[in-house]
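Chemist: Here's my sequence, what's the structure:
(4 chains)
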2 protein chains.
Amino acid sequence: MNTDYFTIGKLAKDTDTKVVTIRYYESIGLLPAPLRTGHNYRLYNCDHFKRLSFIRRCRSLGFPLSQIREIIALTDQPDEDCQKVDKIARGHLDIIESKIQDLTQLASELRQKITACQGGTIAQCCILKNLLKQNTTPIKSAS
Amino acid sequence: MNTDYFTIGKLAKDTDTKVVTIRYYESIGLLPAPLRTGHNYRLYNCDHFKRLSFIRRCRSLGFPLSQIREIIALTDQPDEDCQKVDKIARGHLDIIESKIQDLTQLASELRQKITACQGGTIAQCCILKNLLKQNTTPIKSAS
DNA sequence: ATGCAGTCTATAGTTACTATAGGGTCAAGC
DNA sequence: GCTTGACCCTATAGTAACTATAGACTGCAT
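Modeler: Okay, the predicted model is just below:
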């Protein structure tokens, strides 16, 4: 049982989140609006802390807010099948994995262009030549 | 020598770029404004095609528009040292490589959470438990 | 009483586009 | 000549997930 209340600054520090970000999450309905003091300061409790920690953990795993929202909604239906969570997580993993592939491909192309360059003036630059070389004229009046 | 002119639609098709994107590049000064017909249609030439192809190739390598702008500015100074281009490209490669590392780490964490889950109800879901477990209370009145 | 850190709201900026509304133009077919 | 559909125009707003700024109030310590 914990009935402590704390300000937005403390919540920000304890969850390693910027103050503005917390207010942003409230504005988009991701974090419930807390009580206010007589002078309109936000007063958070333990539940807010838990919720925000969860959001931040999901964010650090790369989940978009839209999916975090879905997951949170699911936690309100404890008797539903867990497959939905699983599906979201797997879908997200797929996206991450394909991003890794894309970036790996991209890195190797770029590395190749860079190592090909022996220096010199801009006019001689192999990186630029390489980037400029293909397709120097549009397709002739076809279509 | 090529004095052909073509519409935005043809340029879009030949560079695999959306029409709106081309107008957007013009609006931010990345692609020079072309001539116009009597009825205000844009008329592009070969130079526009080359420039846009270059932009798209850089984009497909993940360069942000700001860096593409820098690189293009450099091509106007053919006698400068090529090191500047090299620096931009290497800096970009570093970023890509560190992104790959982050994502790889992230994918393995997520994969672990997913494979730990044996199904069941939301209440029993290991993925959720795992995401919720740490830090359930803020740091007590410290600081 | 003063100063500084913390809080408040509201608005605009970021990146690289995409979407939409509301309109004009061009070429082909009838 | 008229219609139809594809193409073009501008201007504005929306996207994701914040960040930055302005202008004002509060709380606490000296």
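Chemist: Let me know the secondary structure of the residue nearest to the spatial centre of chain A.
Modeler: Taking Cα atoms, centre = their mean, the centroid of chain A lies closest to A:Gly62, which sits 4.6 Å from it. What DSSP: H, G, I helix; E, B strand; the rest coil gives for A:Gly62 is coil.
Chemist: need the contact list for it.
Modeler: A:92, A:96, B:103, B:106 (Cβ atoms under 8 Å, 6 or more residues apart in numbering or on different chains). Any C-beta I mention is one placed from the backbone N, CA and C, and that applies to glycine too.
Chemist: what's the answer for A:Arg111, then?
Modeler: So A:Arg111 contacts B:Leu93 (Cβ under 8 Å, 6+ apart).
Chemist: immediately after the helix or strand harbouring A:Thr21, which helix or strand?
Modeler: Using DSSP states H and E, A:Thr21 sits in helix A:19-27. Sequence-wise, the next helix or strand downstream of helix A:19-27 (DSSP H and E) is strand A:35-36.
Chemist: list the helices and strands that following strand packs on?
Modeler: strand A:42-43 (3 or more Cβ pairs under 8 Å, 6 or more residues apart in numbering or on different chains; DSSP states H and E).
Chemist: Name the strands paired with the strand it packs on and say parallel or antiparallel.
Modeler: In the sheet, strand A:42-43 lines up against strand A:35-36 (antiparallel) (DSSP bridges).
Chemist: what is the mean pLDDT for the strand it pairs with?
Modeler: Average pLDDT, strand A:35-36: 94.
Chemist: ok, which residues in chain A are in contact with DNA strand C?
Modeler: A:7-10, A:12, A:19-20, A:23, A:36, A:40-42 (Cβ under 7 Å from any atom of the strand).
Chemist: Filter those residues down to the buried ones, PyMOL style.
Modeler: In PyMOL, a selection of the buried entries from the residues of chain A next to DNA strand C looks like this (16 or more other Cβ atoms under 10 Å in any protein chain shown):
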select buried, chain A and resi 8+10+12+42
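Chemist: DNA strand D: which of the residues of chain A next to DNA strand C is nearest?
Modeler: Closest approach between the residues of chain A next to DNA strand C and DNA strand D, by Cβ to the nearest atom of the strand: A:Val20, at 4.4 Å.
Chemist: show me the contacts for that closest one.
Modeler: A:Val20 touches nothing, counting by Cβ under 8 Å, 6+ apart.
Chemist: what do you get for A:Arg56?
Modeler: A:Arg56 is in contact with A:15-17, counting by Cβ under 8 Å, 6+ apart.
Chemist: If you compare the directions of the host helix or strand of A:Ile95 and helix B:83-116, what angle comes out?
Modeler: For A:Ile95, the enclosing helix or strand under DSSP H and E is helix A:83-116. Orientation check (axes from the mean of the first three to the mean of the last three Cα atoms, to 10 degrees): helix A:83-116 against helix B:83-116 gives 150 degrees.
Chemist: Distance from helix A:83-116 to the middle of the chain?
Modeler: 14 Å (Cα atoms, centre = their mean, to the nearest Å).
Chemist: what's the following helix or strand after it?
Modeler: Using DSSP H and E, the first helix or strand after helix A:83-116 is helix A:126-132.
Chemist: name the helices or strands packed onto that following helix?
Modeler: So helix A:126-132, by 3+ Cβ pairs under 8 Å, 6+ apart, packs with helix A:83-116, helix B:46-60, helix B:65-75, helix B:83-116.
Chemist: Would you mark the buried spots in it?
Modeler: So, applying 16+ other Cβ under 10 Å, buried residues of helix A:126-132: A:126-128, A:130-132.
Chemist: Including pLDDT, could these go into a markdown table?
Modeler: As requested, those are exported to a markdown table (pLDDT from 0 to 100):
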| residue | pLDDT |
| --- | --- |
| A:Cys126 | 80 |
| A:Ile127 | 83 |
| A:Leu128 | 81 |
| A:Asn130 | 77 |
| A:Leu131 | 76 |
| A:Leu132 | 73 |
